[in-house]
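Q: Here's my sequence, what's the structure:
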Amino acid sequence: MAVSALWLIASLLVALGYLDAGVWQIPIALLMGTSIMGIAGQGEKKFARLAEHPIATKGTAIVICVPLAYIAIINLSVFVVFVEFSVMLVLSYVLFRSWDKEQSKGKSDKNTESLLSKLKNCC
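A: Numbering: from 1, shown residues only. Down below sits the predicted model:
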């Protein structure tokens with residue numbers, strides 16, 4: 001999250017004219033690339049299906065996100081920074097919300113009840 005915040009702030013400052021775009025485009029691009037790989041890695045942790053194919057997950061993230069990041073850097077404006085911020089909010093919500101914990105509570109309760117009933121009936 002810190003890397004994403006850093007390139008979002010730098011992008012905003014470039015868009016507002018406080019930083020020179022010629023100097024800051026490469027550092028912003030590098031930070032965006034790091035975020036892309038971080039998002040792919042977090043997706044692997046969050047979703048088991050993505051963890052089964054880590055090369056495909058990261059490859060897909062690179063093929064889709066790197067051109068989008070390039071387009072964002074070339075057309076950097078306040079609107080583009082707003083869109084980037086919105087996308088990062090949605091991704092943060094999906095990747096960092098504890099969906100699995102809520103869903104697994106119900107499953108573990110059913111499993112626990114099933115195991116307890118089997119133990120009672122076994123002897």
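
Q: which residue sits closest to residue 1 in space, ignoring its chain neighbours?
A: Leaving out its chain neighbours, the residue that sits closest to residue 1 by C-beta to C-beta, 6 or more residues apart in numbering is residue 92, at 7.1 Å. No exception for glycine: its C-beta is placed from N, CA and C like everyone else's.

Q: Packing partners of the one helix or strand the one you found maps to?
A: Applying DSSP states H and E as the criterion places residue 92 in helix 78-96. Counting contacts by 3 or more C-beta pairs under 8 Å, 6 or more residues apart in numbering; DSSP states H and E, helix 78-96 packs against helix 2-15, helix 21-46, helix 54-74.

Q: Could I get the buried residue list for the helix or strand following the longest one?
A: Proceeding N to C from helix 21-46, the next assigned helix or strand is helix 48-51, under DSSP H and E. If you call a residue buried by 16 or more other C-beta atoms under 10 Å, then helix 48-51 has these buried ones: residue 50.

Q: any residues touching helix 48-51, and which ones?
A: 43, 44, 45, 57 (C-beta atoms under 8 Å, 6 or more residues apart in numbering).

Q: quick one: the third one from residue 52, how far?
A: The one in question is residue 45. 13 Å (C-beta to C-beta, to the nearest Å).

Q: can you pull the pLDDT of the one residue sitting closest to the centre of the chain?
A: The chain has residue 39 as the residue nearest its centroid, 3.4 Å off, counting by C-alpha atoms, centre = their mean. pLDDT for residue 39: 89.
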